[in-house]
Structure formats: structure tokens, C-alpha cells
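A.B. asks: how would this look folded up:
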Amino acid sequence: MFSFLFSLQGWSVAVLCSTAVLLPTSRVPADKWAEKVFPDPLECDFKEGAISYYADDKAINITVAVPNEVKASLKAMESKIKATCTPNGTGLLDIPTSGEFFGSRYTQFSMPIYALETGGGCMSPFYYSFSFPEKAQTLHDNILQHTGRDLKVLSGSGQNGSIDDRGWITDYGDHSVYSCSMEEGF
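C.D. replies: Okay, here's the model as predicted:
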């Protein structure tokens, strides 16, 4: 009887330990900072302020009014940034990170970075994109279901007409990209 209780007790400890290992990871909520920064994925406009990158300081500058936990998520990405800015250089500042955007999980956040021709220094324009490991139609449907906004889906082959919207989805077949441009004519 004692050995049965001991075995039973050992088994329950094993079950409790395995449950304790699994539960914390299953309860961690997805990082949803992108939803707070871009609450309207079609207009994708900040109420005030911006998110930009200072290449000289290797720092993300946040002047948009967002909760402190959103700022902390963005600032935590700084350590993942490997981009540099060289004279006459351009490129994307790709930050491998994951989070949720209106029901879809993204794997990367990007913004262009380029050198200024006069006065030196670098700049990141108000253009942002998120990469998703899912088809464009799934991303489109999730955004439509969560926000009611019907984003255009463009072909990744570049065979598209002009687009008037500030937010759109590009279909690359096996993955998709949500883009947001706050600049006119981008």
C-alpha cells in the first residue's frame, strides 16, 4: 500500500511538473503591439507621433502615444537590429520578431532605411511592413474579420496598378506581407 501511494505520489508529481512546464508557454499572450500602433490597417495612420530608427544611435525612436508595454516591446527589438547606414546606401531594416496582427502571426517587422544626401545621417521613412508565413487570403480574411477593413491584395510579381490605400497586402504565394505607407505616393 505504501509503495502504491509512493508510486501514485511520484506519478502525480511527474504530472504536476510536466503541467507546470507546459502551462506557462501556453498562457503567454501573443505580443500585439502592432495592433495598438496601427489600429486601422487600411488607413494605417498614427494619431500623433511616429516610430523611426536612428542608425547612428542604433535606437528605435517612439514618439507615438502607446501604452508602456508597447514601447517596451519596440525597444526590446533594438538588440536584434543588425542594419547599418552607409553613404548613398539604402536597404530594409529587417527585425526578426513575432507577434499577432488581427488574428495572424507575423515573423518579421521591416522599415526602409537610407542615407541622406545632404548633411549626412540616415532616415527611416514612414513605411512599415510585417511578414506572415501564411497565404495572403488568410491574412486578408483575418484582418477583415477583426477590423471590418477590406484591404487590397496585390500580386508579388509586381503586375499591379496604382493603389490609393495606405495599407495593403502583397501575395507571394507561400507567404504574405502587410505594408503600411504614411507617405504620399510611396
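
A.B. asks: measure the nearest residue in space to Cys44 that is not next to it in sequence to Pro41 for me?
C.D. replies: Distances taken as CB to CB, 6 or more residues apart in numbering place Cys180 nearest to Cys44, at 3.5 Å, with adjacent residues excluded. Heads up, the C-betas are built off the backbone N, CA and C, glycines and all. Per CB to CB, to the nearest Å, Cys180 is found 7 Å from Pro41.

A.B. asks: same deal with Asp56?
C.D. replies: Here Asp56 is placed at a distance of 31 Å from Pro41 (CB to CB).

A.B. asks: same check, this time on Leu93
C.D. replies: Using CB to CB, Leu93 is found at 21 Å from Pro41.

A.B. asks: again, but for Ser79
C.D. replies: 27 Å.

A.B. asks: Break down the chain into its helices, ranges please.
C.D. replies: Using DSSP state H, the helices assigned to the chain run over residues 2-27, 33-37, 68-76, 136-147.

A.B. asks: Pick out whichever of Leu93 and Pro41 has more residues nearby.
C.D. replies: When Leu93 and Pro41 are compared on other CB atoms under 10 Å, the one with more neighbours turns out to be Pro41, at 25 against 22.

A.B. asks: ok, how many other residues are close to the nearest residue to Tyr106 once chain neighbours are set aside?
C.D. replies: Distances taken as CB to CB, 6+ apart put Phe130 closest to Tyr106, at 4.1 Å, once the chain neighbours are dropped. Residues contacting Phe130 under the criterion other CB under 10 Å number 24.

A.B. asks: and what of Phe132?
C.D. replies: Neighbours of Phe132 (other CB under 10 Å): 21.

A.B. asks: now it, which residues is it bridged with?
C.D. replies: Beta-bridge partners recorded for Phe132 (DSSP bridges): Ser176.

A.B. asks: circling back: contacts only, for the residue nearest to Cys44.
C.D. replies: Phe38, Pro41, Cys44, Tyr127, Tyr128, Ser129, Arg166, Gly167 (CB atoms under 8 Å, 6 or more residues apart in numbering).

A.B. asks: Asp45 contacts Met182, correct?
C.D. replies: Yes: contact between Asp45 and Met182 holds when scored by CB atoms under 8 Å: they sit 6.1 Å apart.

A.B. asks: More neighbours: those two, which one.
C.D. replies: Between Asp45 and Met182, counting by other CB under 10 Å, Met182 is the more crowded of the two (17 against 14).

A.B. asks: Identify the residues contacting the nearest residue to that one once chain neighbours are set aside.
C.D. replies: Excluding its sequence neighbours, the residue lying closest to Met182 (CB to CB, 6+ apart) is Phe126, at 3.7 Å. Each residue near Phe126 by CB under 8 Å, 6+ apart is listed here: Ala50, Ser52, Ser181, Met182, Glu183.

A.B. asks: what about Phe126, distance to Ser73?
C.D. replies: Separation of Phe126 from Ser73 (CB to CB) stands at 19 Å.
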